[in-house]
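Chemist: Sharing a model that was predicted from the sequence below.
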Amino acid sequence: MSATNPVRKEDVKGFWEREACGERYGEDQDRIRYELEPEILRFAGFESAAGKRVLEIGVGMGADFLRWVRAGAVATGVDLTERAVELTTARLASERLTADVQVADAEKLPFPDGSFDIVYSWGVLHHTPNPAQALAEAQRVLAPGGELRMMLYHRRSWVAVAAWVRFCLLRGRPGGGLRAGVAHVESPGTQAFTPDEVRRMLPALDELSVEPTLTRWDHRVAPVVSSVLGRRFGWFLLIHGTRRPPNVQ
């Protein structure tokens, strides 16, 4: 387990083995995913991937991964759980598509340095006990000039405040602040970050952008104030950067 996060990786794995992200929506999963999080389609840039080597970390039910494959990417997908790999593989087969999908730990990716032109992950690495190590791995396997496209949760957000109220304040445990509240969101020990924390974990990237973005979830928990104060306190951090070539400081 991480020195800063007491949650065991086995507990995180067990949570997502019971139900992959979005699985409760059944056959409507694709439609509901992009209705709830339209930011994905604007941010991912699936259509830009033709002929490129793409790694998706955390394939879940495979909605995004299939879009990379359909776009003509040379796509590889990994997930901590067997369930996600089985679901995604079955969906590929149903469309007569082929791609490499395998069980792997984001904190120890089984690929050589510089293997991919795009490394993509949406809402995944804040669940692993050691996100800094996972981000180091994402940078390692990214080719010089390649792009990182990623979403992580934002700690200074309306959703994090709502989680703190629900899981800490209303239970008589206000200590621990926003971190303690977010730890109860989705799988055990979920984390969230500030833009500066993310930048410090991505030292190998140039032209790094880490932008808070208001989401449906922010508008739900803070319907008036979130609109007034803008995206500064949005729940999603949209992260984009380019891998620095060798010997460039």
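Modeler: That came through fine.
Chemist: What's the biggest helix in this protein, counting residues?
Modeler: helix 82-94 (DSSP state H).
Chemist: average pLDDT for that helix?
Modeler: In this model, helix 82-94 carries a mean pLDDT of 96.
Chemist: ok, and what's touching that helix?
Modeler: Here helix 82-94 makes contact (CB atoms under 8 Å, 6 or more residues apart in numbering) with 16-17, 19-21, 23, 58-62, 65-66, 69, 77, 79, 98-99, 101-103. No exception for glycine: its C-beta is placed from N, CA and C like everyone else's.
Chemist: C-alpha coordinates for it, PDB please?
Modeler: Presented in PDB, the C-alpha positions along helix 82-94 are these (Å, rounded to 0.1, in the frame of the first residue of the first chain):
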ATOM      1  CA  GLU A  82     -10.400  -9.200 -15.100                       C
ATOM      2  CA  ARG A  83     -14.000  -8.100 -15.400                       C
ATOM      3  CA  ALA A  84     -13.200  -5.000 -17.400                       C
ATOM      4  CA  VAL A  85     -10.900  -6.900 -19.700                       C
ATOM      5  CA  GLU A  86     -13.500  -9.600 -20.300                       C
ATOM      6  CA  LEU A  87     -16.300  -7.000 -21.000                       C
ATOM      7  CA  THR A  88     -14.100  -5.000 -23.300                       C
ATOM      8  CA  THR A  89     -12.800  -8.000 -25.200                       C
ATOM      9  CA  ALA A  90     -16.400  -9.200 -25.700                       C
ATOM     10  CA  ARG A  91     -17.500  -5.900 -27.100                       C
ATOM     11  CA  LEU A  92     -14.500  -5.800 -29.500                       C
ATOM     12  CA  ALA A  93     -15.500  -9.300 -30.700                       C
ATOM     13  CA  SER A  94     -19.100  -8.300 -31.200                       C
END
